[in-house]
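Asks: when you get a sec, could you give me coordinates for this:
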Amino acid sequence: MALIQTMYNLLWGDIVQIPLPGGSTLGLSLLVMILIPAGIYFTVRTRFLPFRLFPEMVKVTLESHRKEEQAGISGLQALIVSTACRVGMGNLVGVVAAISAGGAGAVFWMWLIALLGSSTAFIEATLAQIYKEKDPLYGGYRGGPAYYLHKLFIREGSKRKRSIVASLFALSGLICWCGISQVTSNSISSAFENAFHIDPLYTTILLVILAAIVVLRKNATVKVLDLIVPVMAACYFFITIFIIVKNAQLLPAVFQRIFAEAFGLRQAVSGGIGAVIMNGAKRGLFSNEAGSGSAPCAAAAADISHPAKEGLLQSLGVFIDTLVICSCSAMVMLLTPESLTTGLEGMDLLQTAMRYHLGEFGVIFIAMILWLFSFSTFLGILFYARSNVAYLFGDNWISQTLYKILALVMLFVGGLAAYQFVWDLGDVGVGLMTVFNMIALVPLAPKALASLRDYEEHEMKRRKS
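Replies: Residues are numbered from 1 along each chain as shown. Presented below is the predicted three-dimensional model:
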């Protein structure tokens with residue numbers, strides 16, 4: 001536990017302190033120092049792709065449906081799988097934590113991080129497509145950071161079957177996703193206990209049974225996510241839009257508060273501007289997952305006509321996650337009178353805000369939507385895990401099934417009690433994934449950039465002509 005805590009502090013703790021006006025300091029963690037410069041670098045190298053090619057992202061999404069002759073899942077299905085994981089805990093608990101610790105100004109920094117993360121998501125998803133392999137077990141394709149790290153460190157013709165760095169990434173991912181399994185079930189059982197007074201044991205047993213029915217079948221995960229993700233995202237979006245429209249007269253004051261606190265007009269005096277910036281940045285990075293190497297595991301599975309298309313799809317996923325869903329969560333809380341939310345944190349803050357706007361229906365609704373968000377996250381991470389398990393242990397059903405059973409056990413344990421050690425283990429896992437993934441992204445980025453140029457020069461021009 002001491003080792004995990006040390007690693008957590010190294011990855012997520014503030015290892016550099018920059019003095020700011022008003023006596024505040026800006027604490028920078030290792031991951032922030034890696035991901036934000038990388039996001040800026042990729043944004044410049046892609047010639048500001050999030051702004052320049054946003055219409056193309058939407059166009060590719062609308063045409064990326066599955067065709068009968070496809071060997072794997074469609075580009076849109078890969079986006080749905082990655083969205084299932086992005087649009088999960090980070091959109092509810094993460095946004096609540098950012099606003100609780102950093103105030104309204106943290107929302108602005110989450111938006112900024114999403115714009116930078118969109119370019120990073122393009123690079124890693126395109127590389128996943130370029131280096132994908134045939135999947136002999138599930139059919140279609142597989143890949144992700146473990147596979148392009150392997151290509152980076154293992155020369156063609158070498159007898160070595162595995163790269164050390166690629167193996168460490170794969171292992172970090174499996175550790176992280178086990179930790180997330182525990183977190184998701186704990187959030188579901190807590191929310192149902194608060195909303196319906198149901199004993200966590202019964203909620204957890206039902207959750208594990210439903211999850212086992214889906215994940216232990218060969219190819220049921222994508223089909224279930226195809227159904228759940230659009231429904232849950234649409235329900236949450238329209239309910240929160242209803243709340244926002246109902247309180248439209250308050251929006252100017254909310255946006256004024258976001259921008260005023262983002263640049264520390266109030267916090268600079270009290271010495272809190274550093275907390276505003278870093279809480280927004282950290283939660284933004286955690287929520288959209290760009291650079292962590294998770295989403296490429298889904299991106300590689302897509303059977304799509306051009307690698308850059310999948311990159312554009314995953315870039316759009318970051319927008320959906322942070323600029324749409326996270327913003328909706330933030331607005332629900334910021335449109336609630338501060339007198340009701342002062343001193344509240346976590347799910348208590350969100351449930352209080354929903355009760356204020358929608359009465360008891362709001363509490364029930366947030367419990368149900370959290371169930372859908374968390375359940376889809378669990379299904380998504382087990383889809384991610386396929387390629388990592390295969391890289392470490394080879395193509396066999398035994399290892400695939402054993403990891404699924406381990407994840408289901410963690411799901412059960414998490415529903416009954418929250419273990420801080422497991423939470424920290426999950427955070428360490430995603431931190432290590434990010435470090436190992438970024439080792440490959442910078443040297444391999446020219447491949448993704450070349451794919452983008454080819455797409456713009458041939459695919460887009462041909463379509464216009």
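
Asks: C-alpha from now on. contacts and neighbour counts both.
Replies: OK.

Asks: give the rounded mean pLDDT of stretch 424-439.
Replies: Mean pLDDT, computed over stretch 424-439, is 85.

Asks: flag every buried residue along it.
Replies: Buried positions in stretch 424-439, judged by neighbour count with 16 or more other C-alpha atoms under 10 Å: 424-438.

Asks: between these, which is closest to Phe48?
Replies: Nearest to Phe48, judged by C-alpha to C-alpha, of the buried residues of stretch 424-439 is Met438 at 19.7 Å.

Asks: name the element the closest one belongs to?
Replies: Using DSSP states H and E, Met438 sits in helix 420-454.

Asks: helices or strands next to that helix in the packing?
Replies: If you count contacts as 3 or more C-alpha pairs under 8 Å, 6 or more residues apart in numbering; DSSP states H and E, helix 420-454 packs onto helix 2-12, helix 30-45, helix 105-130, helix 145-153, helix 164-196, helix 307-318.

Asks: would you turn those helices into CSV with mean pLDDT?
Replies: Below are these laid out as CSV (pLDDT from 0 to 100):
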stretch, mean pLDDT
helix 2-12, 81
helix 30-45, 88
helix 105-130, 87
helix 145-153, 92
helix 164-196, 83
helix 307-318, 90
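
Asks: which one of those lies closest to Ala220?
Replies: Shortest separation from Ala220 across the helices and strands packed on helix 420-454 is recorded for helix 164-196, at 18.5 Å, computed as C-alpha to C-alpha.

Asks: from the buried residues of stretch 424-439, which is closest to Asp348?
Replies: Nearest to Asp348 among these is Asp424, at 21.6 Å by C-alpha to C-alpha.

Asks: I'd say the closest one and Ala2 touch.
Replies: No - using C-alpha atoms under 8 Å, Asp424 is not in contact with Ala2; the gap is 11.0 Å.

Asks: residues contacting stretch 241-260, please?
Replies: Stretch 241-260 is contacted from outside by 104-108, 266, 328, 331-332, 334-335, 357, using C-alpha atoms under 8 Å, 6 or more residues apart in numbering.

Asks: how about 10 Å then?
Replies: When contacts are defined by C-alpha atoms under 10 Å, 6 or more residues apart in numbering, stretch 241-260 is touched by residues 103-109, 235-238, 240, 261-262, 264-267, 328, 331-332, 334-336, 354, 357-358.

Asks: buried set for the helix or strand encompassing Gly415?
Replies: Counting by DSSP H and E, the element that carries Gly415 is helix 397-416. Within helix 397-416, the residues that qualify as buried are 399-401, 403-404, 407-408, 410-416, counting by 16+ other C-alpha under 10 Å.

Asks: and stretch 184-195, by the same measure?
Replies: Across stretch 184-195, burial judged by 16+ other C-alpha under 10 Å covers 184-192, 194-195.

Asks: kindly reformat these as a markdown table containing distance to Phe122.
Replies: What follows is the buried residues of stretch 184-195, written out as a markdown table (distance: C-alpha to C-alpha, whole Å):
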| residue | distance to Phe122 |
| --- | --- |
| Thr184 | 27 |
| Ser185 | 31 |
| Asn186 | 32 |
| Ser187 | 31 |
| Ile188 | 32 |
| Ser189 | 35 |
| Ser190 | 36 |
| Ala191 | 35 |
| Phe192 | 37 |
| Asn194 | 40 |
| Ala195 | 39 |
